[in-house]
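Participant: Could you work out the structure for the sequence below:
(3 chains)
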Amino acid sequence: MGLIEPSFYARDALEVAWDLLGCRLKHEGVEILITEVEAYRKEGDSANHCRSGRTRRNAPMWGPPGRAYIYLCYGIHLMLNLVTDQDGEGAAVLIRAGQVGGGLDIIRSRRGAKEGPVLLTGPGKVAQALGLDLGMNESELFVPGGLELHQGRRPQGVLAGPRIGIGYAQPEHVLAPWRLAAAGTGWVSHPAPLEQVTSRAHYFSMWS
DNA sequence: CGTCAGATGATC
DNA sequence: ATCATCTGACGC
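Facilitator: Numbers count the residues shown, from 1 in each chain, chains lettered A, B, ... in the order given. Okay, the predicted model is just below:
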């Protein structure tokens, strides 16, 4: 119930990112409420993995929307992205943080801990909690049985700030506030500033 | 609290 | 060599 259809993803990554806040990711008994995301936008976003064209790694991003783009970061952590925009355009949204909505015992066993976090702050933790692996790269989020994205509850407010770990990008894109987080969830972390967005319309008038 | 190094491996 | 990171060790 509430499984999100492919058309949801077939838009600009920033719009999808906004609407992903509060949605629920489900996989094998684990459910995570999305609290923080980053948009990597098509054409000219110098922080995007697709900035230099098509490669083996970023191939999923160029494919049809609604699929997972999973890659290994720093040799240790898997990152989960959801592919957006149209087939032939390279864009995606990185899932950066979430709140446990179910399967806490499974998550704890994956971390090898008896006491575990209810808040998953950081993309590596999210992927680990969901039990992802590289074999699930390009899997379709709208197909029942695998990794699924479901509707959720919209957050009360949205915070925006610069994306994390993209110092290699051009200053313009280092500063662009395309990292979004749900306000008032007790989410706290990272040095980068997050500011309350006054209205969705105002935000998108600046960044579309 | 804070900063910082090391782990670890696919990719270009 | 370069990374869309995390953790634990240290110093205050």
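Participant: Might you report the residue contacts of A:Pro193?
Facilitator: Shown in contact with A:Pro193 (Cβ atoms under 8 Å, 6 or more residues apart in numbering): A:Gly161, A:Pro162. C-beta here means a position set from N, CA and C on the backbone, and glycine is covered the same way.
Participant: Stretch A:171-191 close to DNA strand C?
Facilitator: No: using Cβ under 7 Å from any atom of the strand, stretch A:171-191 never reaches DNA strand C; the gap is at least 8.2 Å.
Participant: Identify all contacting residues around that stretch.
Facilitator: Contact with stretch A:171-191 is made by A:14, A:17-18, A:21-22, A:34-41, A:45-47, A:96-97, A:99, A:119, A:121-122, A:155-164, A:166-167, A:192, A:194-197, A:207, as judged by Cβ under 8 Å, 6+ apart.
Participant: buried residues in that stretch?
Facilitator: Within stretch A:171-191, the residues scored as buried using 16 or more other Cβ atoms under 10 Å are A:His173, A:Ala176, A:Pro177, A:Trp178, A:Arg179, A:Leu180, A:Ala181, A:Ala182, A:Thr185, A:Trp187, A:His190.
Participant: Farthest pair within those residues?
Facilitator: Using Cβ to Cβ, the buried residues of stretch A:171-191 span at most 26.6 Å, a distance reached by A:His173 and A:Thr185.
Participant: beta partners of A:Leu159?
Facilitator: A:Ala181, A:Gln196 (DSSP bridges).
Participant: For it, give its distance to A:Ala181.
Facilitator: Here the criterion is Cβ to Cβ, to the nearest Å. By it, A:Leu159 lies 4 Å from A:Ala181.
Participant: Overlap in contacts, those two.
Facilitator: Here A:Leu159 and A:Ala181 share the contacting residues A:Leu194, scored by Cβ under 8 Å, 6+ apart.
Participant: could you dump the buried residues of stretch A:171-191 to JSON lines with pLDDT?
Facilitator: As requested, the buried residues of stretch A:171-191 are exported to JSON lines (pLDDT from 0 to 100):
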{"residue": "A:His173", "pLDDT": "96"}
{"residue": "A:Ala176", "pLDDT": "96"}
{"residue": "A:Pro177", "pLDDT": "96"}
{"residue": "A:Trp178", "pLDDT": "97"}
{"residue": "A:Arg179", "pLDDT": "96"}
{"residue": "A:Leu180", "pLDDT": "96"}
{"residue": "A:Ala181", "pLDDT": "95"}
{"residue": "A:Ala182", "pLDDT": "94"}
{"residue": "A:Thr185", "pLDDT": "77"}
{"residue": "A:Trp187", "pLDDT": "70"}
{"residue": "A:His190", "pLDDT": "70"}
